[in-house]
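[1] sequence-free structure coming up:
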């Protein structure tokens, strides 16, 4: 398979249709809600538990940001 074929196949699979857009939008909304709940759970923890996790209270926002959040491609479900 050539690079052009691979790009065409991948872009066709991702889809630029309305249903693909809706799926991506719902996926992003779900992920944002999940990050918000994880952030709230970390904020509710006492400082000694956060220290056991290796973070401080001031790092919670950074550690739960979207750019650092693990992807859901590992096959594990909640």
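    Yes, it's here. Keep in mind it's a predicted model, so treat the numbers as computed, not measured.

[2] quick one: pLDDT of the closest residue to residue 63 other than its chain neighbours?
    Counting by C-beta to C-beta, 6 or more residues apart in numbering, residue 55 is the residue found nearest to residue 63 once chain neighbours are left out, at 5.5 Å. In this view, the C-beta of every residue, glycine as well, is placed from N, C-alpha and C. Listed pLDDT for residue 55 reads 91.

[3] what kind of secondary structure is residue 55 in?
    Three-state call for residue 55 (DSSP: H, G, I helix; E, B strand; the rest coil): coil.

[4] That one contacts residue 49, correct?
    No. Residue 55 is beyond contact range of residue 49, at 10.0 Å (criterion: C-beta atoms under 8 Å).

[5] May I have the phi/psi pair for residue 54?
    Dihedral angles of residue 54 (phi, psi; degrees, to the nearest 10) stand at phi 90, psi 20.

[6] any idea how far it lies from residue 30?
    27 Å (C-beta to C-beta, to the nearest Å).

[7] With residue 43 instead?
    Using C-beta to C-beta, residue 43 is found at 20 Å from residue 30.
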